[in-house]
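> requesting a structural model of the entry that follows:
(2 chains)
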There are 2 protein chains.
Amino acid sequence: MSRKRFLDTECPVARALDQVGDWWSLRIVLQAMYGTRRFVDFQQQLGIAKNILCDRLSRLVEHDVLRKEDVGEHGSRYEYRLTEKGRDLFTVVVALRQWGDKWIPTEFPPLDLRDRENGAPIQAVRVLAGDGRALDVRDVFTQVDERQNTGS
Amino acid sequence: MSRKRFLDTECPVARALDQVGDWWSLRIVLQAMYGTRRFVDFQQQLGIAKNILCDRLSRLVEHDVLRKEDVGEHGSRYEYRLTEKGRDLFTVVVALRQWGDKWIPTEFPPLDLRDRENGAPIQAVRVLAGDGRALDVRDVFTQVDERQNTGS
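Okay, here's the model as predicted:
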């Protein structure tokens, strides 16, 4: 698969997608968030081909999103666990999940994420201003706006 | 490119990734958020091959993330504009951007998104409980937790 790599780009979205912007990678991260740790369980739960899973797990380990641990007491048994960097994708995954539920509804009810502390539903993830107002794309600007658009 | 499609799956993350989980698609959406509308400008600003851009724009239009409008007064001139569904990816894009800035730093300073109303920086996007506490992956549960993990 040839695609441009932008690890040194100014654009953090491009850098992020370079590491986890593969269709399978974020699903593997999500599955790890559900508690899956073993190769065979990822394979079974995602219905993913062994060679693709193997490749994606290696890349996620290489990028320090997952770490591979030998947890075998008698012989080797490997588990894949989320690093702090991997766990920090939680916001991205929840935002994607809520977008999917809102805009691509199916016969299945929306997945319901709840607060362990009291069982209450979580809020919709939003971009918030310093003072707590919800912002949409038209409410923000960045320095890059000008640079990006001088090309047009 | 053969990959499994999960449009009818229970998992909204899989459904979302099926529509925008391509490495280029979210970058096109981001570029549209910067104000880019014309094919030639997307091509120039993203450094993307024509055939790939053409394919990704068609898919985004098909999925109602972008709409294609004829804005020509004398003859045809097309623009691609974000739909409401597309604009609603703002949260996902900002979450990815903040993750990229935090975990994949470069020589470039982090991109600085600011509130148009007062020029102040926006907050880091977080998953919040009903009462406003920030939550991480270990603070939530879903009904699917059990179903997903009975396979293991």
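
> and for A:Gly72, nearest residue in space, chain neighbours not counted?
Once flanking residues are discounted, A:Gly72 sits nearest to A:Tyr78: 7.8 Å by CB to CB, 6 or more residues apart in numbering or on different chains. Glycine gets a C-beta too; all of them are placed from N, C-alpha and C.

> wait, that neighbour sits on A:Leu66?
No. Using CB atoms under 8 Å, A:Tyr78 makes no contact with A:Leu66, being 10.9 Å away.

> which one's more surrounded, those two?
Neighbours per residue (other CB atoms under 10 Å in any protein chain shown) separate A:Tyr78 from A:Leu66, with A:Leu66 holding more: 25 against 13.

> now the helices for chain A?
A:12-20, A:23-33, A:39-46, A:50-62, A:84-87, A:90-103, A:144-149 (DSSP state H).

> may I see the buried residues of the first one?
Burial within helix A:12-20, assessed by neighbour count using 16 or more other CB atoms under 10 Å in any protein chain shown, is assigned to A:Pro12, A:Val13, A:Ala14, A:Arg15, A:Ala16, A:Leu17, A:Asp18, A:Gln19, A:Val20.

> my read: the fifth one touches B:Lys102, true?
No. The pair A:Ala16 and B:Lys102 does not pass the contact test of CB under 8 Å, sitting 9.6 Å apart.

> what pLDDT does A:Asp22 get?
As predicted, A:Asp22 sits at a pLDDT of 76.

> count of neighbours near the closest residue to A:Thr91 other than its chain neighbours?
Spatial nearest neighbour of A:Thr91, excluding adjacent residues (CB to CB, 6+ apart): B:Ala95 at 4.6 Å. B:Ala95 has 27 neighbouring residues, counting by other CB under 10 Å.

> who touches B:Ala95 in this structure?
A:Thr91, A:Val92, A:Ala95, A:Val125, B:Val125 (CB atoms under 8 Å, 6 or more residues apart in numbering or on different chains).

> make it 10 Å
Going by CB atoms under 10 Å, 6 or more residues apart in numbering or on different chains, B:Ala95 touches A:13, A:16, A:88-96, A:125, A:127, B:124-127.

> give the buried subset of those residues as a ChimeraX selection command.
Per 16+ other CB under 10 Å, the buried members of these correspond to this ChimeraX selection:
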select /A:13,16,88,89,90,91,92,93,94,95,96,125,127 /B:125,126,127
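
> pLDDT of stretch A:61-74, averaged?
For stretch A:61-74, the mean confidence score works out to 91.

> A:Val125 contacts B:Gln123, doesn't it?
No. In this structure A:Val125 lies outside contact range of B:Gln123 using CB atoms under 10 Å: 11.5 Å.

> between these two, what contacts are shared?
What both A:Val125 and B:Gln123 touch, as defined by CB under 10 Å, 6+ apart, is the set B:Val94.

> what touches both of A:Tyr78 and A:Leu66?
Common neighbours of A:Tyr78 and A:Leu66 (criterion: CB under 10 Å, 6+ apart): A:Arg37, A:Leu57.

> any idea how far chain B is from A:Pro12?
Using CB to the nearest CB, to the nearest Å, A:Pro12 is found at 3 Å from chain B.

> ok, back up a step: looking at the helices of chain A, which is nearest to B:Glu62?
helix A:90-103 (13.6 Å; CB to CB).

> report the angle between that closest one and helix B:23-33.
80 degrees (axes from the mean of the first three to the mean of the last three CA atoms, to 10 degrees).

> that's all I had, so thanks and see you.
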